[in-house]
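Colleague: Okay, structure incoming, though there's no sequence with it:
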């Protein structure tokens, strides 16, 4: 069995065990108060956002939750847009767990050409890891950053997200959690590093606002 097969087998076991545990865990679940994602600020510094509706087919795949897709454009029209996607699941006990974005890329026509993890150091928050992808479709390239977020904690690994899902369900009687993803085109005059540097001030504005919509 090769390394990829081993990782796949381990992931399958973790996901199956998580689903079995959450379904078997009978203690009443706690749902803390929160604001709906539609009220997430549409104006962030020099960025103005426009909501994008998700199709019924996409919503059916995602399952029960609260979702935000918003495209932010800078007042300087030469700066590429930023696409913000937040998917919040109030409960994951019924098997409606968070889908990894990398599984959606091939179906959308995008192919990952680079992948790594970076550490996000946001003022006032403990540093956490995020996934960093460069994706391509034809001549177009985009930079993608995403992470899993629950209870003021960010993680890049979906396996750690599953672990914390079980741990928090035991300790807090909560199985809520979210995925946060930011995407921006890589301009013809910049590389992925420059696009990331351009994106980071926006990320630093988004993270402190998450706890109002994804409870601590």
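Modeller: Perfect, I can see it now. Note that the structure is a prediction, hence the values are computed from the model and not measured.
Colleague: Give me the helices and strands touching the helix or strand hosting residue 149, please.
Modeller: Residue 149 belongs to strand 140-150 when assigned by DSSP states H and E. The elements that strand 140-150 packs onto, with contact taken as 3 or more Cβ pairs under 8 Å, 6 or more residues apart in numbering; DSSP states H and E, are strand 111-120, strand 128-137, strand 153-155, helix 158-172, strand 177-185, helix 192-206. Where you see a C-beta, it was placed from the backbone N, CA and C, and this is true even at glycine.
Colleague: got the angle between that strand and strand 128-137?
Modeller: The directions of strand 140-150 and strand 128-137 differ by 150 degrees, with axes from the mean of the first three to the mean of the last three Cα atoms, to 10 degrees as the criterion.
Colleague: So in that sheet, which strands flank strand 140-150, and in what orientation?
Modeller: According to DSSP bridges, strand 140-150 has the following sheet partners: strand 128-137 (antiparallel), strand 153-155 (antiparallel), strand 177-185 (antiparallel).
Colleague: Now mean pLDDT and mean neighbour count too, for those strands, in a markdown table please.
Modeller: Below are the strands paired with strand 140-150 laid out as a markdown table (pLDDT from 0 to 100; neighbours: other Cβ atoms under 10 Å):
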| stretch | mean pLDDT | mean neighbour count |
| --- | --- | --- |
| strand 128-137 | 96 | 18 |
| strand 153-155 | 96 | 19 |
| strand 177-185 | 96 | 21 |
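Colleague: To residue 84, which of these lies closest?
Modeller: Closest of the strands paired with strand 140-150 to residue 84 is strand 177-185, at 5.7 Å (criterion: Cβ to Cβ).
Colleague: so where's this protein uncertain?
Modeller: 1-27, 94-97, 102-107 (pLDDT under 70).
Colleague: How about residues contacting the helix or strand that contains residue 71?
Modeller: Assigned by DSSP H and E, residue 71 belongs to strand 66-74. Strand 66-74 has contacts (Cβ atoms under 8 Å, 6 or more residues apart in numbering) with 36-38, 40, 42, 44, 46-54, 59, 81-88, 90, 202, 213.
Colleague: Which ones among the residues you listed map onto helices?
Modeller: Residues of those located in helices (DSSP state H): 59, 202.
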